[in-house]
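**Q** Only the shape, not the letters, is given here:
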């Protein structure tokens, strides 16, 4: 299992120790660094800056949102950054959810699976420097209607790689299966190595489809795993609880929250319902306090070094090919490099 650094997206400002953390990851032999976006900082600008301060580490997006850019715009950004970094880009994409897509981008959110499939097909064509013509239900190139002057074009930029790795973020079984069918990897969120049979089944279904791009042997599964090392296990878990409460309770409407569904499937149906009720009622502190330690330990590594060392084998035996460490300091990265070295 390879190691990656998960930076996520920024809060109200960039993290103070960003360069120190990235430099430490590259010096420790981490394979990749990953950024994200929601409705604040974007994923690609920090990667360009990180790429200018590094030389070997792969630059991944986990993830960029489909509605933030047209497929051609995403291809332009990826090819440009690939040139600037010497071919280090790994493009992770995801559909996000209706609250962000319709509320932030002002775009509709129908049929995310079909849109994702079309998006990836156009993205691959653009990166391969093919003339872009596409007649889909969600995308048409050239545009039908409009001024009637659209012209089928190909990129003026010659890519370093015409077959850049593309990975899909997915949580539901149909999306996971499609990842195995059309992508080079799957990026899970809130993954538990002890509750993953449904993911294995979905991936197997995708690999078995006619024309599947990869097999289980060469398919990548990078996954963010929060790591907090300290003797007090509950105090370490307190670093994860606000994030879980936000995603289970408020990152999606009631009945349309994919993150809620993932955690509930792990055996926390009652706990998720309570967290969501509290969060949506405006009781955020109580929602955070309602996140049990067992829920945190399903998807994160918290506690003293010896405890984390004992728990690592279940991750090494899992579907994960890259553990994207979300840690609070370069010391955490060094510890993980030692434990998995």
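**A** On my side now, so go ahead. As the structure is a computational prediction, the values presented were derived from the model and not from experiment.
**Q** confidence score at residue 150?
**A** pLDDT, residue 150: 95.
**Q** Touching, it and residue 132? I think so.
**A** No: using C-beta atoms under 8 Å as the test, residue 150 is too far from residue 132 to be in contact (10.2 Å). In short, each C-beta sits where N, CA and C put it, glycine included.
**Q** and for these two, which residues touch both?
**A** residue 141 (C-beta atoms under 8 Å, 6 or more residues apart in numbering).
**Q** Residue 140 contacts residue 133, doesn't it?
**A** No: Residue 140 lies out of contact with residue 133 (C-beta under 8 Å); the separation is 9.2 Å.
**Q** Between residue 150 and residue 132, which is the more surrounded one?
**A** For residue 150 versus residue 132, the count of surrounding residues by other C-beta atoms under 10 Å is larger for residue 132: 19 against 13.
**Q** quick one: the spatially closest residue to the more buried one that is not a sequence neighbour and residue 151, what's the gap?
**A** Once flanking residues are discounted, residue 132 sits nearest to residue 141: 4.7 Å by C-beta to C-beta, 6 or more residues apart in numbering. Distance of residue 141 to residue 151, given as C-beta to C-beta, to the nearest Å: 10 Å.
**Q** More neighbours: which of these two?
**A** Ranked by neighbour count (other C-beta under 10 Å), residue 141 and residue 151 place residue 141 first, with 21 against 8.
**Q** What pLDDT is listed against residue 110?
**A** 85.
**Q** again with the one 4 residues further on
**A** Each residue has a pLDDT score; the one for residue 114 is 97.
**Q** same thing with the one 5 residues further on?
**A** Looking at residue 119, its pLDDT stands at 98.
**Q** residues contacting it?
**A** So, once contact is read as C-beta under 8 Å, 6+ apart, residue 119 ends up touching 66, 71, 74, 93, 138-139.
**Q** Counting neighbours, which of those comes out on top?
**A** residue 93 (27 neighbours).
**Q** where's that residue relative to residue 76, distance?
**A** Counting by C-beta to C-beta, the gap from residue 93 to residue 76 is 14 Å.
**Q** before we move on, what about residue 67?
**A** In terms of C-beta to C-beta, residue 67 sits 16 Å off from residue 76.
**Q** swap in residue 265?
**A** 37 Å.
**Q** these two touch, right, residue 54 and residue 24?
**A** No: Residue 54 lies out of contact with residue 24 (C-beta under 8 Å); the separation is 11.1 Å.
**Q** For the residue nearest to the spatial centre of the chain, what are phi and psi?
**A** The geometric centre of the chain, computed from its C-alpha atoms, lies nearest to residue 62 (C-alpha atoms, centre = their mean), at 3.2 Å. Backbone geometry at residue 62, expressed as degrees, to the nearest 10, gives phi -140, psi 70.
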